[in-house]
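1. give me a 3D structure for the following:
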Amino acid sequence: TDDALLGYRTQAKMNPPLRGERDQAAVIEGLIDGTIDAIATDHAPHAAEEKEQEFDRAPCGVVGLETAFAVGHRLVRQGQLSRNRLIEAFTVRPAAIIRSDRGTLAVGSVADLAIIDPEREWVVDPKRFESKGRHTPFEGWTLHGKVTSTMVGGRLVYEEKGAP
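-> The predicted structure follows:
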């Protein structure tokens, strides 16, 4: 929520801006009832010197890609959303919206895959991000659900260091 901005924390400054608990609850309800059918992140990393200045001068944008699944997975762990619904919102639905043939595991489809360990517990540490950006409102949060590898077009493009 917008509480992450207290103390003028630029690592939580984004556009659209964070909102209050009531708005957060409405977004969650929209995911649950299907009013919101897709989840995406405007992964917007910035150099440290850009974000580490006065709040009004700091650009909007945070690293979203590395935490998106695990933050959404909190709703699954709380029993508010099924894991299938969460995965659909990250894959099938965005692909359908942009009329892409991606986002599916159908025979003959392009192998764009994210391999996840849904029970893996981890602490958000921006120093360990693969992204060049380090700004996240989730620093220090303990999350469950970790992307361990990624394939694009059938080619392994990311594998977590130390992953089996």
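2. buried residues, the longest helix along the chain. List them.
-> In the chain, taking DSSP state H as the definition, the longest helix is helix 21-33. For helix 21-33, the neighbour count (16 or more other Cβ atoms under 10 Å) marks 28, 31 as buried. C-beta coordinates here come from the backbone N, C-alpha and C atoms, glycine included.
3. for the record, mean pLDDT for the next helix or strand after it?
-> Once helix 21-33 ends, the next helix or strand along the chain (criterion: DSSP states H and E) is helix 48-51. Across helix 48-51, the average pLDDT comes to 90.
4. which parts of this protein are helices?
-> 21-33, 48-51, 68-77, 83-90, 92-97.
5. the longest one to helix 68-77, inter-axis angle?
-> To tie it back to what came earlier, the one meant is helix 21-33. In terms of direction (axes from the mean of the first three to the mean of the last three Cα atoms, to 10 degrees), helix 21-33 departs from helix 68-77 by 80 degrees.
6. show me the residues around residue 83 that make contact.
-> The contact partners of residue 83, by Cβ atoms under 8 Å, 6 or more residues apart in numbering, come to 73, 76, 118.
7. closest to residue 49 among the residues you listed?
-> Nearest to residue 49 out of the contacts of residue 83 is residue 73 (Cβ to Cβ; 32.6 Å).
8. how many neighbours does that closest one have?
-> When neighbours are counted by other Cβ atoms under 10 Å, residue 73 registers 22.
9. show me what contacts the residue nearest to it when sequence neighbours are not counted?
-> Leaving aside its chain neighbours, residue 73 sits nearest to residue 145 (3.5 Å; criterion: Cβ to Cβ, 6 or more residues apart in numbering). Residues in contact with residue 145 (Cβ under 8 Å, 6+ apart) are 69, 70, 73, 76, 116, 117, 118, 119, 120.
10. same question, residue 11
-> For residue 11, the contacting residues are 51, 62, 135, 136, 137, 139, by Cβ under 8 Å, 6+ apart.
11. quick one: the fifth one and residue 7 touch, right?
-> No: taking contact to mean Cβ atoms under 8 Å, the distance of 11.9 Å between residue 137 and residue 7 leaves them out of contact.
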